[in-house]
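Peer 1: Sequence isn't available, so here's the structure alone:
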């Protein structure tokens, strides 16, 4: 995932809910979650994009998530396995996520319903991070503390850069001291857009800052 990518890459802003297209531009689905693998040094690297209504349901949680899970089970006869697209097949990250292979090579899930397109929520997932493989939604929204145990806020995005092997690895988190919400890019310096929206975003997300990964503490 090192070609034609933003620098740095932000998991929530650049990947989640983005349309995925194959090598020929045909739609494959949307990024419902991102698989992260924890390495011995404590950083996470992006290993796969996850696609599927059940994955989306787990990420949303709550009543809407339970409804989506029920519908997914009825359609799939259980908890269907998500479509898992490994990171090395991602060719470009932009307005959509383009793959380096054609859709015929993927085991595509059933076509999505209107719920897929209308109930994309910004609610953090309910999963608890483990020691090895987690989903990005399990980290987004989690409280972050400094080394002294002081709460800094909640994670609103994960920031990655390629390591020496070209693997996207976490280098920082974006933390907001207030209620987590989608930032729409207006928290970045130099972002252009409607004046009123930019000022509103700046007010709502005042205090949002980047915390280097080595300074992140999950518990006081």
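Peer 2: Good, I have the coordinates. Just so it is clear, the structure is predicted and the values come from calculations on it, not from any experiment.

Peer 1: Show me which residues of the longest strand along the chain are buried.
Peer 2: For the chain, the strand with the greatest residue count under DSSP state E is strand 151-162. The neighbour-count check on strand 151-162 (16 or more other C-beta atoms under 10 Å) flags 152-160, 162 as buried. The way it works is simple: take the backbone N, C-alpha and C, and place the C-beta from them, glycine included.

Peer 1: Can you tell me which of those residues lies closest to residue 82?
Peer 2: For the buried residues of strand 151-162, the minimum distance to residue 82 (C-beta to C-beta) is 19.3 Å, reached by residue 158.

Peer 1: pLDDT averaged over the longest strand of the chain - what is it?
Peer 2: For strand 151-162, mean pLDDT is 94.

Peer 1: could the buried residues of strand 151-162 be laid out in JSON lines, adding distance to residue 22?
Peer 2: Shown next, in JSON lines, are the buried residues of strand 151-162 (distance: C-beta to C-beta, whole Å):
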{"residue": "152", "distance to residue 22": "40"}
{"residue": "153", "distance to residue 22": "38"}
{"residue": "154", "distance to residue 22": "35"}
{"residue": "155", "distance to residue 22": "31"}
{"residue": "156", "distance to residue 22": "30"}
{"residue": "157", "distance to residue 22": "27"}
{"residue": "158", "distance to residue 22": "26"}
{"residue": "159", "distance to residue 22": "27"}
{"residue": "160", "distance to residue 22": "23"}
{"residue": "162", "distance to residue 22": "23"}
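
Peer 1: Now flag whichever of these is closest to residue 40.
Peer 2: Comparing the buried residues of strand 151-162 against residue 40 with C-beta to C-beta places residue 160 closest, at 17.5 Å.

Peer 1: Not including adjacent chain positions, what is the nearest residue to that closest one?
Peer 2: Leaving aside its chain neighbours, residue 160 sits nearest to residue 168 (4.2 Å; criterion: C-beta to C-beta, 6 or more residues apart in numbering).

Peer 1: Check the gap between the one you found and residue 69 for me.
Peer 2: For residue 168, the distance to residue 69 equals 29 Å [C-beta to C-beta, to the nearest Å].

Peer 1: quick one, which of the two is more surrounded?
Peer 2: Taking neighbours as other C-beta atoms under 10 Å, residue 168 and residue 69 compare with residue 168 leading, 27 against 18.

Peer 1: quick revisit: check which helices and strands the longest strand of the chain is in contact with.
Peer 2: Here strand 151-162 touches strand 9-10, strand 44-51, helix 136-139, strand 143-145, strand 168-176, going by 3 or more C-beta pairs under 8 Å, 6 or more residues apart in numbering; DSSP states H and E.

Peer 1: Repeat the analysis, applying 6 Å as the threshold.
Peer 2: strand 9-10, strand 143-145, strand 168-176 (3 or more C-beta pairs under 6 Å, 6 or more residues apart in numbering; DSSP states H and E).

Peer 1: which is the next helix or strand following the strand or helix carrying residue 28?
Peer 2: Applying DSSP states H and E as the criterion places residue 28 in strand 27-30. Following strand 27-30 in sequence order, the next helix or strand is strand 33-38 (DSSP H and E).

Peer 1: for the record, mean pLDDT for that next one?
Peer 2: The average pLDDT for strand 33-38 rounds to 94.

Peer 1: quick check: angle from it to strand 168-176?
Peer 2: If you take axes from the mean of the first three to the mean of the last three C-alpha atoms, to 10 degrees, strand 33-38 sits at 110 degrees to strand 168-176.
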